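Undergrad: Here is a sequence with its predicted model. Questions after.
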Amino acid sequence: MTLPEAFAARVRATPSADAYIQHDAASGVWRTWSWAAIGAEMERWRRALAAKSIPAGERVAVMLPNCIEWVCFEQAALALGLVVVPLYLTDNPGNSAHVLADSGACLLLLDSAGQWMRLRPLRAGFPILQRVLCLQHRPGELDDSDRTLIGCEQWLAAHEGSPPPPPGTSGAAALATLIYTSGTTGPAKGVMLSHANILSNALAVLEVVPVVPADRFLSFLPLSHAFERTVGYYIPMLAGACVAFARSLQDLPEDLVGIKPTALTSVPRIYERMFSRIECELAQRGPIARTVFHRAEMAGWRRFVASQPWGDGRAMFARLEWALAGRHLARKIAARLGGHVRVAVSGGAPLALPVARRLLALGVPLIQGYGLTEAAPVVSANRLDDNLPESVGRPLPGVEIKLDAGGELLVRGPNVMMGYWNNPTATAAAVDGEGWLHTRDLARIEDGRVFIHGRVKEIIVMSTGEKVSPSDMEAALAGDAMFEQTLIVGERRPFLVALLVLNPVIWRSLARTRAIADPDDPAALRERAVLSAICDQVNHRLAGFPVWGRVRRVHLTLAPWTIESGLVTPTMKPKRRELEQRFAEEIAALYRHRAI
């Protein structure tokens, strides 16, 4: 089966069931689409795309927020044997231009003309692109000489009477999509995933975390992310569940209450925000209230442990203790998620253990998994009835895992990618001759469970799921004479910060322009205006990196890191672990009172 065949089977099986819910900004109301309605809308897109006579195997790109049009465009393209290339809405134009150029996309679907205005100056870099479709295009937004851009409604209406095109002839082994990695070790690479890669992975996840037609998902991670696309889009499609598209991250708390989802998929950042809000509320309460809360939390943790096969088994006592101490508190926490969540999945990056333990103790049905885009993307996951939060669970059915001599996790199975687009060298380095995918993650395996504890190469995985190469960023900062030594920090954090050793001479010159009386006074390096100026200077140097590579806070010093102090190697490379330990308090302070 292919992805469009699975979609068509779902439309035939439950045509009147709810498929999608989307907010209409013009009317201010939520609209529900049945599977029959979404199937008919997809056919409009398929007719219009077919009229372009794009040969099967050609690439078409999409840069939209999560919406009905994303689904219809993708399914229409796949049904014609085209290859879909998703782009991130928030990425910078340079990275988007690279993806368009490398993939050779001939058509692009955008949300607004403003996006094209940012991309158009780079047009020479992706000459194969012939047509740009715009959802919210208003005539006159761009000059009339730009005949590349056309409004979607105008384009769709022009082909309303076209005869229905024949179904595509692509098989399950055919290329379905190119998903570009975040470019942590150079330019972004296009991960080639077939229909079989994706569907085998989705079906394996369903064996571990069953989804039923009564389930309702709330989609807020971008569909350009492999995790959301498989778990938050294809899996509900296979199961016949309903997906509601959140309006925005800012509206997420309100949407949770209004939509009342039963299933959530998220990167750790959303759960960390819940954790932080609880911490803030506790800090504002009196000592008696805090004591009551912590007792309820401990009772909840004991109840959770007793419910697991690895627990102590004292389930009856734990449930009684929870009923007396914590059930009322759990209802309040559940209400923030809409009151009906039966499974909340965290993926895309490691979830901090204290966050996982607290939310589990408070009754949030949270499970963590592990994966990577090259594995379509899920490799392993905990189960609700076998949930050890320190681990990322056991491998999915049909997925093999093992460790090499250095402790790197290797993965093999039907979900492993076809390779990297137009990059046989990178493909050979990632997938060996026996079909094992080298994840570059260091792990241990105990009782069949996977525990991730580092990277083969230093890569920062943020709590948002985004990845950056700190060494590449530090090399970019080395081009600025102001910075003698640099360290980028952000593992499992919501944003990046930097530890910087300044050049004393250049710093004193800057200090004079800021009317700083004593530039050698350490307090001068903590002045708000100075920190802001240095932060702007850092981000100017990092402008070529993805938007999530922005540094939000800096710690400044004039004292160099030396070989004698054990903070750098003999070749003057920073020792990351030692520096983070030495400056642990300063790093913690950078995250403590963030203004985001």
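TA: That came in fine, so what should we check first?

Undergrad: give me the element Phe293 is part of.
TA: helix 287-307 (DSSP states H and E).

Undergrad: got it, and Leu531?
TA: Short version, using DSSP H and E: Leu531 is in helix 528-541.

Undergrad: So which elements touch that helix?
TA: helix 470-477, strand 496-502, helix 504-513, strand 551-557 (3 or more C-beta pairs under 8 Å, 6 or more residues apart in numbering; DSSP states H and E). Yep, even glycine has a C-beta here, placed from its N, CA and C like the rest.

Undergrad: Return the set of buried residues in the third one.
TA: By that I understand helix 504-513. 507, 510-511 (16 or more other C-beta atoms under 10 Å).

Undergrad: want to try a markdown table for these, with distance to Pro494 and pLDDT as columns?
TA: As requested, the buried residues of helix 504-513 are exported to a markdown table (distance: C-beta to C-beta, whole Å; pLDDT from 0 to 100):
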| residue | distance to Pro494 | pLDDT |
| --- | --- | --- |
| Trp507 | 29 | 89 |
| Leu510 | 29 | 85 |
| Ala511 | 31 | 87 |
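
Undergrad: okay, the residues you listed in JSON lines with distance to Gly448 next?
TA: Formatted as JSON lines, these follow (distance: C-beta to C-beta, whole Å):
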{"residue": "Trp507", "distance to Gly448": "54"}
{"residue": "Leu510", "distance to Gly448": "56"}
{"residue": "Ala511", "distance to Gly448": "59"}
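
Undergrad: Pick out the residue nearest the middle of the chain.
TA: Gly465 (4.4 Å; C-alpha atoms, centre = their mean).

Undergrad: how far away is that one from Ile333?
TA: 23 Å (C-beta to C-beta, to the nearest Å).

Undergrad: likewise Ala48?
TA: 46 Å.

Undergrad: Got the domain ranges for this protein?
TA: 3-171, 469-592 (automatic domain parsing).

Undergrad: Tell me how far the last one lies from the chain's centre.
TA: With C-alpha atoms, centre = their mean, to the nearest Å as the basis, domain 469-592 stands 27 Å off its chain's centre.

Undergrad: same question, stretch 417-430
TA: For stretch 417-430, the distance to the chain centre is 22 Å (C-alpha atoms, centre = their mean).

Undergrad: Could you list the alpha-carbon positions for that stretch in PDB?
TA: C-alpha atoms of stretch 417-430 as PDB (Å, rounded to 0.1, in the frame of the first residue of the first chain):
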ATOM      1  CA  MET A 417      15.600   5.500   4.800                       C
ATOM      2  CA  MET A 418      16.500   4.900   1.200                       C
ATOM      3  CA  GLY A 419      19.500   7.200   1.600                       C
ATOM      4  CA  TYR A 420      20.300  10.900   1.200                       C
ATOM      5  CA  TRP A 421      19.200  12.700  -1.900                       C
ATOM      6  CA  ASN A 422      22.000  13.100  -4.400                       C
ATOM      7  CA  ASN A 423      24.600  12.300  -1.700                       C
ATOM      8  CA  PRO A 424      25.900   8.700  -2.000                       C
ATOM      9  CA  THR A 425      29.000   9.600   0.200                       C
ATOM     10  CA  ALA A 426      26.800  10.700   3.200                       C
ATOM     11  CA  THR A 427      24.500   7.700   2.600                       C
ATOM     12  CA  ALA A 428      27.400   5.200   2.700                       C
ATOM     13  CA  ALA A 429      28.600   6.800   6.000                       C
ATOM     14  CA  ALA A 430      25.100   6.600   7.500                       C
END
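
Undergrad: can you pull the buried residues of that stretch?
TA: Those would be 417-421, 423, 426-427, 430, for stretch 417-430 by 16+ other C-beta under 10 Å.

Undergrad: May I see these organised as a markdown table, with pLDDT added?
TA: Output for the buried residues of stretch 417-430, formatted as a markdown table (pLDDT from 0 to 100):
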| residue | pLDDT |
| --- | --- |
| Met417 | 98 |
| Met418 | 98 |
| Gly419 | 98 |
| Tyr420 | 98 |
| Trp421 | 97 |
| Asn423 | 95 |
| Ala426 | 94 |
| Thr427 | 97 |
| Ala430 | 96 |
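
Undergrad: quick one, phi/psi of Tyr370?
TA: Reported as degrees, to the nearest 10, the phi and psi values for Tyr370 are phi -140, psi 140.

Undergrad: Tell me the bridge partners for the spatially closest residue to Pro365 that is not a sequence neighbour.
TA: Leaving aside its chain neighbours, Pro365 sits nearest to Val343 (5.3 Å; criterion: C-beta to C-beta, 6 or more residues apart in numbering). Counting by DSSP bridges, Val343 is bridged to Ala263.

Undergrad: max-length strand in this structure?
TA: strand 437-446 (DSSP state E).

Undergrad: Distance from that one to the middle of the chain?
TA: With C-alpha atoms, centre = their mean, you get 20 Å for strand 437-446.

Undergrad: what's the answer for stretch 397-407, then?
TA: Mean C-alpha position of stretch 397-407 versus that of the full chain (C-alpha atoms, centre = their mean) differs by 24 Å.

Undergrad: ok, now stretch 352-372?
TA: The chain centroid and the centroid of stretch 352-372 are separated by 17 Å under C-alpha atoms, centre = their mean.

Undergrad: Any idea how far apart the tips of that stretch sit?
TA: End-to-end distance of stretch 352-372: 18 Å, with C-alpha to C-alpha, to the nearest Å as the criterion.

Undergrad: And it, what's buried?
TA: In stretch 352-372, counting by 16+ other C-beta under 10 Å, buried: 352, 355-372.

Undergrad: Kindly report the same for stretch 453-471.
TA: Result for stretch 453-471 [16+ other C-beta under 10 Å]: buried residues 455, 459-471.

Undergrad: ends of stretch 48-66, how far apart?
TA: By C-alpha to C-alpha, the extent of stretch 48-66 from end to end equals 21 Å.

Undergrad: in it, what's buried?
TA: So, applying 16+ other C-beta under 10 Å, buried residues of stretch 48-66: 48-50, 52, 54, 58-66.

Undergrad: Restrict stretch 446-457 to CA atoms and write it as CSV.
TA: In CSV, the C-alpha atoms belonging to stretch 446-457 read as follows (Å, rounded to 0.1, in the frame of the first residue of the first chain):
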residue,chain,number,x,y,z
GLU,A,446,19.1,-3.2,29.3
ASP,A,447,16.3,-5.7,29.5
GLY,A,448,15.5,-4.7,25.9
ARG,A,449,15.1,-1.0,26.8
VAL,A,450,17.1,1.7,25.2
PHE,A,451,18.8,4.4,27.3
ILE,A,452,20.4,7.3,25.3
HIS,A,453,23.3,9.1,27.0
GLY,A,454,25.2,11.1,24.5
ARG,A,455,26.3,11.8,20.9
VAL,A,456,29.2,10.3,18.9
LYS,A,457,29.8,13.8,17.6
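
Undergrad: who touches that stretch?
TA: Contact with stretch 446-457 is made by 185, 350, 370, 379-380, 388, 390-395, 401, 406, 408-409, 440-445, 461, as judged by C-beta atoms under 8 Å, 6 or more residues apart in numbering.

Undergrad: and Pro261, how many residues sit next to it?
TA: 26 (other C-beta atoms under 10 Å).

Undergrad: In the sheet, which residues pair with Ile460? Tell me.
TA: Val468.

Undergrad: so who does the nearest residue to Arg285 once chain neighbours are set aside touch?
TA: In space, Arg285 comes closest to Phe293 once its chain neighbours are excluded; the distance is 7.6 Å by C-beta to C-beta, 6+ apart. Shown in contact with Phe293 (C-beta under 8 Å, 6+ apart): 282, 285, 329.
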